[in-house]
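Visitor: this is a predicted model, with the sequence first.
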Amino acid sequence: MVALTGFVSCSDDQTYAEQKDKERKAVDAFLKRDVTIYGPSGDSICRVGVIKVITEQEFLDQDTTTNLENNEYVLFAKNGIYMQIIRRGVGEKITKGETRQIACRFIEYNILGDSLQLRNDVSYWHTNPDIMAVTNTSGTFSANFVTGTQAGAMYQAYGEEKVLDGWLAPFPYIRVGRQTTAEGEIAKVRLIVPHTAGQSNAATNVYPCFYEILYQECRD
């Protein structure tokens with residue numbers, strides 16, 4: 001089921017500048033903590049660890065990779081998104097002028113609220129992953145979620161057809177396909193997404209989210 005926990009409501013007497021400062025401090029603290037994310041039953045979902053931030057130039061110098069042993073995340077200065085590529089994935093990148101259907105499995109962790117907020121990597125959502133139609137327009141990516149009876153957890157939770165910008169950040173660097181061999185695993189990334197690139201509740205209440213996402217091309 002959709003589990004929305006840890007939403008952060010902003011006090012009426014807080015200015016937007018104060019909310020942004022609180023968000024920035026929460027992200028800075030998150031980078032330095034050895035965070036483990038737990039599920040409702042106390043099970044460990046993923047360990048984030050202490051994060052080493054690298055620049056975009058370092059990311060490019062490393063052939064657009066992040067060193068997993070050093071737990072590296074690249075910071076995109078323009079939008080404030082942090083990204084770690086765990087696996088580039090199989091298949092091919094989405095080329096210019098192309099639109100492809102991509103299925104996602106994810107966890108969403110509210111950094112400011114210090115809580116797991118939403119996930120679709122559980123049995124309830126097994127037949128209804130979040131599916132988005134991703135388009136590459138001259139190197140700029142946009143996407144909409146599938147709605148209706150096939151709507152996944154993100155659309156059902158937030159009611160937004162447009163895919164949040166944070167989820168699109170990996171597409172210039174990952175391949176999307178389907179796993180056909182034991183070695184050929186699908187793309188997997190971790191993201192820290194500020195409210196300006198997040199879903200509607202994060203945007204309204206000014207909080208950042210951590211995501212772990214798997215991207216897989218849908219069957220024809």
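Guide: Thanks, I have the structure now.

Visitor: name the residues that touch whichever strand in the chain runs longest?
Guide: Of all the segments assigned as strand in the chain under DSSP state E, the longest by residue count is strand 99-110. Outside strand 99-110, the residues within contact range by C-beta atoms under 8 Å, 6 or more residues apart in numbering are 5-8, 37, 45-46, 94, 115-121, 129-136, 143, 146, 152, 154, 167, 176, 207, 209-218. For glycine as for every other residue, the C-beta is placed from the backbone atoms N, C-alpha and C.

Visitor: just checking, which helix or strand succeeds that strand along the chain?
Guide: strand 115-119 (DSSP states H and E).

Visitor: that next one: which residues count as buried?
Guide: Of the residues in strand 115-119, 116-119 count as buried by neighbour count, 16 or more other C-beta atoms under 10 Å.

Visitor: hmm, back to that, name the strands paired with the longest strand of the chain and say parallel or antiparallel.
Guide: When pairing is defined by DSSP bridges, strand 99-110 lines up against strand 115-119 (antiparallel), strand 130-137 (antiparallel), strand 209-217 (antiparallel).

Visitor: make JSON lines out of those strands and add mean pLDDT.
Guide: Below are the strands paired with strand 99-110 laid out as JSON lines (pLDDT from 0 to 100):
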{"stretch": "strand 115-119", "mean pLDDT": "95"}
{"stretch": "strand 130-137", "mean pLDDT": "97"}
{"stretch": "strand 209-217", "mean pLDDT": "97"}
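
Visitor: mean neighbour count, these: which tops it?
Guide: Across the strands paired with strand 99-110, averaging neighbours per residue (mean count of other C-beta atoms under 10 Å) puts strand 209-217 on top, at a mean of 22.

Visitor: taking the mean pLDDT, what do you get for stretch 24-43?
Guide: The average pLDDT for stretch 24-43 rounds to 95.

Visitor: chain center to that stretch, what's the gap?
Guide: 15 Å (C-alpha atoms, centre = their mean, to the nearest Å).

Visitor: what is the end-to-end distance of that stretch?
Guide: By C-alpha to C-alpha, to the nearest Å, the extent of stretch 24-43 from end to end equals 28 Å.

Visitor: if we go by neighbour counts, what in it is buried?
Guide: 26-27, 30-31, 35, 37.

Visitor: now those as CSV including secondary structure and distance to residue 13?
Guide: Listed next are those as CSV, based on DSSP: H, G, I helix; E, B strand; the rest coil; distance: C-beta to C-beta, whole Å:
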residue, secondary structure, distance to residue 13
26, helix, 19
27, helix, 23
30, helix, 25
31, helix, 28
35, coil, 30
37, strand, 31
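
Visitor: so can I have JSON lines of those showing distance to residue 85?
Guide: Shown next, in JSON lines, are the buried residues of stretch 24-43 (distance: C-beta to C-beta, whole Å):
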{"residue": "26", "distance to residue 85": "24"}
{"residue": "27", "distance to residue 85": "19"}
{"residue": "30", "distance to residue 85": "19"}
{"residue": "31", "distance to residue 85": "17"}
{"residue": "35", "distance to residue 85": "19"}
{"residue": "37", "distance to residue 85": "19"}
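
Visitor: of those, just say which sits nearest to residue 53.
Guide: Looking at the buried residues of stretch 24-43 and their distance to residue 53, the nearest is residue 31, at 6.5 Å (C-beta to C-beta).
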